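Participant: return atomic coordinates for the entry below.
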Amino acid sequence: MNIKPKSRRLHNRICRKVFLLLPVLFTLLPMNANGQTGEKNPADDNSLFYDSHFHLTNFIQEGRTAKDFLKIMGTKVGRSTLFGIPLQQQWSARISGDDAPKYYLDTDAHLYYYSFTDAYIAMQYKSLTKEEQARFDPMITGFNPTDMYAADHIRRVLLTFPGVFTGIGEFSIHKEFVASKIAGDIASLTDPALDRILDFAGEAGLAVILHNDIDKPFPKPGTKGYLAEIKDLFRRHQKTSIIWAHIGMGRIVHPMENQAALVEEMLEDSSMNHVCFDISWDEVAKYLMSSDKTVQRTAAVIAGHPDRFVFGTDIVAPRDEDHYMSVYKMYEPLWKALSPETSAKVRMGNYKRLFDAARTKVRAWEKANVK
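Facilitator: Numbering: from 1, shown residues only. Below is the predicted model:
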């Protein structure tokens with residue numbers, strides 16, 4: 001190429017400046033585990049964890065604002081899901097008089113589905129700056145899983161608040177003490193309405209957080225639990241990214257006999273590769289961290305399938321940082337028992353992979369469907 005002297009001098013000056021800037025440019029690029037530029041390794045994140053299971057509001061729809069929660073997260077928690085509770089506890093004067101219930105166990109009055117929670121979560125998210133929004137993955141929860149129109153509600157929320165939601169849940173089917181209190185039909189794992197919800201979640205790319213107990217609260221010998229039905233449900237929806245909340249455990253729903261082996265069987269079943277397992281909630285931690293033996297067994301299962309587990313707090317409307325961090329601290333023995341790489345995946349990496357993929361898919365669905 002024939003460059004004139006004046007042009008050549010200008011060309012050389014530009015090249016020298018670019019060359020001098022290259023070291024600076026490379027320091028600004030994140031490096032992967034192999035030292036190459038690319039996506040940031042979760043192990044390099046200064047956060048302690050990303051929260052895959054967080055309730056901003058409680059059973060009477062009170063709680064924190066998103067801005068308040070950001071202060072509690074501080075720099076210790078990099079990202080979090082953001083959802084309320086899909087159920088409202090009724091205050092029945094006939095049952096409790098002037099004694100207003102604050103929790104679903106405070107009264108015998110019904111619970112009912114509270115759809116406004118989705119609008120509230122959306123508006124909390126929209127009150128944040130773009131940088132603050134990037135730390136949250138809002139979830140749709142205000143639907144009745146026994147209603148064939150529930151999928152239409154989810155679709156309507158996406159169309160009304162494009163650019164906001166990443167998934168659906170946590171929502172419950174069989175849940176100790178709760179299911180029997182809900183007014184109307186009893187939710188079921190075999191209900192076509194639930195299949196319709198999960199089908200739409202797969203179509204739109206929504207991540208799903210599903211609560212379903214592995215067994216009944218007070219099982220009698222020989223009675224059938226819910227494990228077979230939950231596995232059938234998972235197999236029916238292999239195009240949907242599902243997180244099984246608490247691995248089916250609860251306040252009084254104890255781990256089943258040989259639960260670790262049952263979970264490993266599910267992990268090794270290729271028809272359930274789309275299912276991840278959530279170890280959130282202090283009630284779950286009390287089982288998994290109850291002894292050195294349970295800690296080591298839990299760590300062994302996770303180490304064998306490090307991409308399939310996510311950590312969340314399941315804290316509801318936290319009072320302060322100590323309250324919010326309590327579940328993470330309960331799992332300290334587990335973080336020590338896992339390798340640094342596996343620990344980073346459970347605490348942060350798997351969250352990022354699952355929810356980033358859901359964000360991308362949902363935004364693409366909205367682009368194709370929002371008029």
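
Participant: from here on, just use CA atoms for contacts and neighbour counts.
Facilitator: Noted.

Participant: what about K361, how many neighbours?
Facilitator: When neighbours are defined as other Cα atoms under 10 Å, K361 has 19 of them.

Participant: would you mind measuring from it to D152?
Facilitator: Distance of K361 to D152, given as Cα to Cα, to the nearest Å: 18 Å.

Participant: cool, A122 as well?
Facilitator: Look at A122 and D152: by Cα to Cα, they are 17 Å apart.

Participant: residue boundaries of the strands in the stretch 201-350 of the chain?
Facilitator: Assignment of strands within the stretch 201-350 of the chain using DSSP state E, counting those that start in this stretch yields the ranges 207-211, 242-244, 275-278, 309-310.

Participant: and S291, how many neighbours?
Facilitator: 12.

Participant: swap that for K220, please
Facilitator: As a burial measure, the neighbour count of K220 was computed by other Cα under 10 Å and equals 9.

Participant: which of the strands of the stretch 201-350 of the chain sits most buried?
Facilitator: Among the strands of the stretch 201-350 of the chain, strand 309-310 has the highest mean neighbour count (mean count of other Cα atoms under 10 Å), at a mean of 28.

Participant: mind checking the pLDDT average for that strand?
Facilitator: The average pLDDT within strand 309-310 is 98.

Participant: who does it pair up with?
Facilitator: Under the criterion DSSP bridges, strand 309-310 sits next to strand 275-278 (parallel) in its sheet.

Participant: just for the stretch 1-150 of the chain, where's the confidence low?
Facilitator: In the predicted model of the stretch 1-150 of the chain, residues 1-44 satisfy pLDDT under 70.

Participant: so which residues of it form strands?
Facilitator: Along the stretch 1-150 of the chain, the segments classed as strands by DSSP E, counting those that start in this stretch run 49-51, 77-82, 87-89, 111-113, 136-140.

Participant: redo the ones you listed as TSV? Include mean neighbour count and distance to S291.
Facilitator: Conversion of the strands of the stretch 1-150 of the chain to TSV gives the following (neighbours: other Cα atoms under 10 Å; distance: least, Cα to Cα, whole Å):
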stretch	mean neighbour count	distance to S291
strand 49-51	27	23
strand 77-82	23	27
strand 87-89	24	35
strand 111-113	19	36
strand 136-140	25	34
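
Participant: I'm done for today, thanks for sticking with me.
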